[in-house]
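Participant: Kindly return the folded structure for what I paste below:
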Amino acid sequence: MPRPLLVRCTGLAGSALLAGAAFLGGARRPWEPTVTPRTIFAGQNGLLLPLLWLSGTALLIGAWWAGRRVVPSARWACATAALWAVPLLAFLPLGSYDVYSYACQGWQQAAGLDPYAGGVDRLGCPWADAVAPTWRSAPAPYGPVFLVLAAAAAKLGGSLTATVALLRLIAVLGVAAIGACLPPLARRAGVPVERALWLVLACPLVLIHLVSGAHNDAVMVALLAGGLAVAATGRGWPAGVLFGLAIGVKATAVVVLPFAILLIPRPWWRAALELAAAAVGALAVVSAGSGLGLGWVTGLAGSGVSVQWTAPPTAVGMALELVGVPHAVAVTRVLGMIALAGVLLWLLRRAWRGGDAVLHAGLALAATVLLAPVFHPWYAIWPLAVLAATLRPDTRWLAAPCAVAAALCLPDGYNLALATKAQGAVGMTVLAGFLAWKVLHEANRDPDHLGAGGSGAGPRRRVP
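Facilitator: From the prediction side, this is the model:
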């Protein structure tokens, strides 16, 4: 078994190598043709960049994986995660160009424009040349809460570099807030706090895509975790405000709200009324104060433009199209959403009957990620942040998908799934079938075995 010092040093070396990859080949302005396996094998990117990325990713994932069993304390886990994050803070974003889209949407909001009315090609932005071509015509798909934050970053920053730095600061504060919310959730479930903190804060996905890439998922997950932690104390109104703000970053946060109702020690209808009124009220206040409405809902339609096998419903459709079934992807995506609705209702029913509401909220987030039409690696952080603090058994089934997802993106955002379409579609189709069986098998086991137990984890709802 590796020693804690060896784990810490190995991960730091990996982070430093990834910082070098960010310096040489991270997302930069102006946008450049993406680093791909073809350009790497053709020698267009030199030898150093791919070596830094490959070795840095491998060392960081290996250290995180090995460290799951040797974390001596919560303080050590937090300090190590912070140490690993430091080298990534000073260099170009890794994993995607999305932060430049955030910057332009924030600039539009600060300039009095409506980011929901069009993309940078229509509304303009002084930094439009940094936005990836795929998203230049897309309106903002994010809620008014995040646009207000992005506008503040653009207004205070003034330049693109300063705006990106402030957006990264917001993401880092979000990660810190997640870390602050994990201990009460872990203690409630009887999960070692140090393990929960390690799984989330030191996860390569968090370091690459939240700390370096500055994705707004850091804000959404922080608000969700905070809402669950507050709801677990029985305070409905403040929890509802946090959930409303989370929905105001990304709409997918809404799937957690029904499970939070079961955490409030009041008749379910009163708890539902409190949470819903507080969530709607918080979202309405931000929408009115920012001058934005619900135009972001229509912007979500453009998020499905990506067709990759990393989303199981899309992979099944791609596999069917390989054998000659026409338009299968569109059909399987619809079927995936129908299946998601059924899974969410089933999970809510289990939680209603006495299962741990926080655990089932995490499973609901996992189902949302797995059954949605599109998957990006950082989406795996949504369920990770909740399940890390509620799952008691061996964490391999939670850590393995995150480890794979952390290795999917090349330095400036090219997804390796694009280079393995046929093989990946078939492989994911087989894996999806296995995972469906695994989820059904695990979910039908004793809830106390899976997650919370003891005095703090009895039935999660109280009736009059």
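Participant: CA only for contacts and neighbour counts going forward, please
Facilitator: Will do.
Participant: Next, count neighbours for Leu201.
Facilitator: 25 (other C-alpha atoms under 10 Å).
Participant: Please apply the same query to the one 10 residues further on.
Facilitator: Residues lying near Val211 (other C-alpha under 10 Å) number 27.
Participant: That one - nearest residue in space that isn't next to it in sequence?
Facilitator: The spatial neighbour of Val211 that comes closest, neighbours along the chain excluded (C-alpha to C-alpha, 6 or more residues apart in numbering), is Val172 at 5.7 Å.
Participant: Mind giving me the packing neighbours of the helix or strand harbouring the one you found?
Facilitator: Per DSSP states H and E, Val172 falls inside helix 160-189. Contacts defined by 3 or more C-alpha pairs under 8 Å, 6 or more residues apart in numbering; DSSP states H and E place helix 160-189 against helix 98-110, helix 144-157, helix 193-201, helix 217-231, helix 381-387.
Participant: swap the cut-off to 6 Å and go again
Facilitator: helix 144-157, helix 217-231 (3 or more C-alpha pairs under 6 Å, 6 or more residues apart in numbering; DSSP states H and E).
Participant: and the first one, which residues are buried?
Facilitator: Spelled out, it's helix 144-157. For helix 144-157, the neighbour count (16 or more other C-alpha atoms under 10 Å) marks 144-155, 157 as buried.
Participant: which residues are in contact with that helix?
Facilitator: With contact meaning C-alpha atoms under 6 Å, 6 or more residues apart in numbering, helix 144-157 is reached by 106-107, 109-110, 163, 166, 248-249, 287.
Participant: quick one on the thing from earlier: between the buried residues of helix 144-157, which sits nearest Asp217?
Facilitator: Relative to Asp217, the closest of these is Phe146; by C-alpha to C-alpha it sits at 9.9 Å.
Participant: how close does that closest one get to Ala419?
Facilitator: Phe146 is 32 Å from Ala419, where distance means C-alpha to C-alpha, to the nearest Å.
Participant: What of Arg136?
Facilitator: Look at Arg136 and Ala419: by C-alpha to C-alpha, they are 23 Å apart.
Participant: Settle it for me: which of the two has more neighbours?
Facilitator: Arg136 (19 against 14).
Participant: quick one, phi/psi of that one?
Facilitator: phi -70, psi -30 (degrees, to the nearest 10).
Participant: surely it meets Gly118?
Facilitator: No: contact criterion C-alpha atoms under 6 Å: Arg136 and Gly118 do not qualify, at 8.9 Å.
Participant: so Ala27 makes contact with Asp412?
Facilitator: Yes: the criterion here is C-alpha under 6 Å, and Ala27 meets it with Asp412 at 4.5 Å.
Participant: hmm, back to that, how much does the helix holding Val172 deviate in direction from helix 144-157?
Facilitator: Here the directions of helix 160-189 and helix 144-157 differ by 140 degrees (axes from the mean of the first three to the mean of the last three C-alpha atoms, to 10 degrees).
Participant: Give me the angle between helix 160-189 and helix 98-110.
Facilitator: With the same axes, to 10 degrees defining the directions, helix 160-189 sits at 110 degrees from helix 98-110.
Participant: Can you give me the buried ones in helix 160-189?
Facilitator: 160, 162-189.
Participant: I'd like the average pLDDT over it.
Facilitator: Across helix 160-189, pLDDT averages out at 98.
Participant: Report the angle between it and helix 217-231.
Facilitator: Helix 160-189 runs at 30 degrees relative to helix 217-231, counting by the same axes, to 10 degrees.
Participant: starting at the chain centroid, how far to helix 160-189?
Facilitator: Relative to its chain's centre, helix 160-189 lies at 12 Å (C-alpha atoms, centre = their mean, to the nearest Å).
Participant: quick one: contacts of the strand or helix carrying Gly362?
Facilitator: Element membership of Gly362, judged by DSSP H and E, is helix 357-371. With contact meaning C-alpha under 6 Å, 6+ apart, helix 357-371 is reached by 256, 259, 336, 340, 344, 351, 383, 386-387, 390.
Participant: any weak-confidence spans in the stretch 201-350 of the chain?
Facilitator: 295-305 (pLDDT under 70).
Participant: Report the angle between the helix holding Val172 and helix 357-371.
Facilitator: 130 degrees.
Participant: dump the residue contacts of the nearest residue to Ala279 once chain neighbours are set aside.
Facilitator: Leaving aside its sequence neighbours, Ala279 sits nearest to Gly244 (C-alpha to C-alpha, 6+ apart; 3.7 Å). Counting by C-alpha under 6 Å, 6+ apart, Gly244 touches 279, 282-283.
Participant: Need phi/psi at Gly244.
Facilitator: Gly244 adopts backbone torsions of phi -60, psi -40, taken as degrees, to the nearest 10.
Participant: now swap in Cys409 and tell me
Facilitator: Per-residue torsions, Cys409: phi -100, psi 130 (degrees, to the nearest 10).
Participant: Show the contacting residues for it.
Facilitator: Counting by C-alpha under 6 Å, 6+ apart, Cys409 makes contact with 95, 415.
Participant: what are the bridge partners for it, then?
Facilitator: Beta-bridge partners for Cys409, by DSSP bridges, are Asn415.
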